[in-house]
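> just a sequence and a predicted model for now, questions to come.
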Amino acid sequence: MSATRATSAAGSSSHLGLGQLWRRPLSPRALQIVSVIGGLLIWQVVGEYVVTNPLYFVPLSDALGVIWDMARSGDLWLHTSTTAVEFLIGFSVAAAGGIAVGLINGTSRVARTLTDPWISALYATPLVALMPLYLIIFGIGTTGKAALVVTVAVFPVMINTTVGVLSTDASLIDVGRAYGATRWEAFRKIYLPAALPHIVSGLRLGVGRALTGVVVGEFFFANAGLGFLIARSGQSFDTATLFAAIIVLTAAAVLMTSLLRLIERRLAPYREVA
């Protein structure tokens, strides 16, 4: 009798444990994985059974097959490395210049007043309007695309850095002054740590704009690169290759954004990532 009760109690406990496990909410990371896998499965099903005309849409497997074929032939490395070099040069200059000017504007009212009209005007300038000018000045080489990346990516970094400095808690500044902190010490120990999450947010926004800039530049003046590949595929109605290039660009953007989030957690663990 006691053995039966023990077995029944064990069964009830096991059933309760499974029920609690089923009702337990998934972690954010697990939800993200489920969301990505679900979206990719929907892509495959839509391409296989809903939109079956390859002129308009292709399954995920076809795009991955093109990526594999291009990787084996070396074309993927050629186009990816070309875009990567143009992006890295332009984004590095945009990040360094944007952070420097943003810090200066955040700590100097005179500098902020002088540069604000120019930042507003240039930030609102349409990207496409600059294409003929960059083509005339720089030609079709790497410099033209890198300059275009700087133009479109520097402003999110600059503006977010300025906002971060201006958002510094006034009580921290008062404490620094009370302890006799110099201007450089206040800048290094108060303003910069307070602005760091905003700086990283600006860099993350700049990544998206920089990729847009380099791809648009390759649309108009390039003979290699992922943007050139997308433009050529669109003109020849090669939808599978077009989606393959988009997948590579998306993967690169996700990787860089994740890296910036990791950097923010390491450098500013005291702040939550928005």
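Received, thanks.

> pLDDT weak spots in this structure?
1-24, 26, 127, 267-274 (pLDDT under 70).

> tell me, how many residues neighbour residue 117?
9 (other C-beta atoms under 10 Å). From N, CA and C alone the C-beta is placed, and that goes for glycine too.

> show me the contacts for it.
Applying C-beta atoms under 8 Å, 6 or more residues apart in numbering to residue 117 gives no contacts.

> please, which helix or strand holds it?
helix 109-123 (DSSP states H and E).

> any buried residues in that helix, and which?
For helix 109-123, the neighbour count (16 or more other C-beta atoms under 10 Å) marks 112, 115, 119 as buried.

> ok, the first one to residue 161 distance?
To residue 161, residue 112 is 12 Å away according to C-beta to C-beta, to the nearest Å.

> got any residues that touch both of the two?
105, 106.

> show me the helices in this structure, by range?
If DSSP state H is used as the criterion, the helices of the chain fall at 2-23, 28-45, 60-73, 75-107, 109-123, 131-138, 142-166, 170-178, 183-186, 192-220, 226-235, 239-267.

> give me the buried positions along the shortest one.
The reference is to helix 183-186. Neighbour count says helix 183-186 has residue 186 buried, by 16+ other C-beta under 10 Å.

> returning to that earlier point: what is the orientation angle of the helix holding residue 117 with helix 75-107?
If you take axes from the mean of the first three to the mean of the last three C-alpha atoms, to 10 degrees, helix 109-123 sits at 140 degrees to helix 75-107.

> CA atoms only for helix 109-123, dumped as PDB, please.
Once non-C-alpha atoms are left out, helix 109-123 reads as follows in PDB (Å, rounded to 0.1, in the frame of the first residue of the first chain):
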ATOM      1  CA  ARG A 109      28.000  75.400 -26.100                       C
ATOM      2  CA  VAL A 110      29.800  77.600 -28.500                       C
ATOM      3  CA  ALA A 111      30.900  74.600 -30.700                       C
ATOM      4  CA  ARG A 112      27.400  73.200 -30.500                       C
ATOM      5  CA  THR A 113      25.900  76.500 -31.700                       C
ATOM      6  CA  LEU A 114      28.300  76.800 -34.500                       C
ATOM      7  CA  THR A 115      27.900  73.300 -35.900                       C
ATOM      8  CA  ASP A 116      24.200  72.700 -35.300                       C
ATOM      9  CA  PRO A 117      23.000  74.400 -38.600                       C
ATOM     10  CA  TRP A 118      25.500  72.500 -40.700                       C
ATOM     11  CA  ILE A 119      24.700  69.200 -39.000                       C
ATOM     12  CA  SER A 120      21.000  69.700 -39.500                       C
ATOM     13  CA  ALA A 121      21.400  70.700 -43.200                       C
ATOM     14  CA  LEU A 122      23.800  67.900 -44.100                       C
ATOM     15  CA  TYR A 123      21.900  65.200 -42.200                       C
END
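
> mind listing what residue 59 touches?
Residue 59 neighbours (C-beta under 8 Å, 6+ apart): 43, 44, 46, 47, 48.

> what do you get for residue 98?
So residue 98 contacts 153, 154, 155, 156, 157, 158, 161, 202, 206 (C-beta under 8 Å, 6+ apart).

> who's in contact with residue 55?
Residue 55 neighbours (C-beta under 8 Å, 6+ apart): 237, 239.
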